[in-house]
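Student: show me how the following folds:
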Amino acid sequence: MGSSTTTRNFGMRRFTNIVREGRFRAPAAADLVLGTGVELDPNSTTDPQEIRQIDGAGPNDLGGAGILGLVGLLWYEHDSQTYVGAPAGSLVQDFNTAPRGRMVQIIRGPGVKVWFRNTEADTPEAGLNFPATRVEQVMVAALGFDGAGDLAPDNLLAWDAVAGNWAETAVLAEAFMRVTYADNALNTCDAELLL
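Tutor: Reported below is the predicted structural model:
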């Protein structure tokens, strides 16, 4: 596992009961952000081990009928090869997507604790050796600057396939995680996996 500062938007807090399902392939045609809700892609014609973002047509998201099949959070450990061709000054935390077509893992397990941070778009100070712009990344709806900024401990989170992020739900059957800590001023929360 990488450090607890895996990316600017997602990382691990506790590894208790972690299940790391490995040897799945990230899609070749789409960037998936680490910490995204993912599942095996039953429609893949190129690789039976290819994953996709939970698509909203099945039971594993808001409005679904419960959690089925192999689902979890996308995990990829960037290594020194990541930096080849990257802008000078790039940090591993700046690589928040899984490389297209590379082997990735799906993590899950009751008791595993993760953190999420929503980050606004920013432009670093001129002259610094960082990428010129960083795009906004909303990992959890209603956290901090996104929405009402009223995320609170004990809220349940499910995958929202339409928005492409985690969102509050009142339906336990939809929930992947339970919020254990939220700081809306800092756009950060911790959540414990339920499955």
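
Student: ramachandran coordinates for the spatially most central residue of the chain?
Tutor: In the chain, the residue lying closest to the centroid (Cα atoms, centre = their mean) is Gly35, at 1.5 Å. Dihedral angles phi and psi of Gly35 (degrees, to the nearest 10) take the values phi 100, psi 0.

Student: ok, now which ones touch it?
Tutor: Gly35 makes contact with 7, 9-10, 73-74, 114, 116, 139, according to Cβ atoms under 8 Å, 6 or more residues apart in numbering. From N, CA and C alone the C-beta is placed, and that goes for glycine too.

Student: try it again at 6 Å.
Tutor: By Cβ atoms under 6 Å, 6 or more residues apart in numbering, Gly35 lies in contact with 10, 73.

Student: distance of it from Asp122?
Tutor: From Gly35 over to Asp122 the distance is 19 Å, taken as Cβ to Cβ, to the nearest Å.

Student: do the same with Glu50
Tutor: Glu50 sits at a distance of 33 Å from Asp122 (criterion: Cβ to Cβ).

Student: cool, and Thr16?
Tutor: Taken as Cβ to Cβ, the spacing of Thr16 relative to Asp122 amounts to 34 Å.

Student: please apply the same query to Glu39.
Tutor: From Glu39 over to Asp122 the distance is 32 Å, taken as Cβ to Cβ.

Student: looking at those two, which is more packed in?
Tutor: Glu39 (22 against 11; other Cβ atoms under 10 Å).

Student: correct me if wrong, but the more buried one is in a strand.
Tutor: Yes - read with DSSP: H, G, I helix; E, B strand; the rest coil, Glu39 is one of the residues of a strand.

Student: count the neighbours of the closest residue to it other than its chain neighbours for me.
Tutor: Among residues not flanking Glu39 along the chain, Val71 sits closest, at 4.6 Å (Cβ to Cβ, 6 or more residues apart in numbering). Around Val71 there are 22 other residues, counting by other Cβ under 10 Å.

Student: ok, Ile107 next?
Tutor: Each residue near Ile107 was counted by other Cβ under 10 Å, and the total is 22.

Student: look at it and report its pLDDT.
Tutor: In the predicted model, Ile107 carries a pLDDT score of 93.

Student: which residues does it bridge with?
Tutor: As for beta bridges, Ile107 partners with Arg20, Leu73 under DSSP bridges.

Student: if I look at it, how far off is Pro59?
Tutor: Distance from Ile107 to Pro59, counting by Cβ to Cβ: 20 Å.

Student: Gly149 now?
Tutor: Counting by Cβ to Cβ, the gap between Gly149 and Pro59 amounts to 30 Å.
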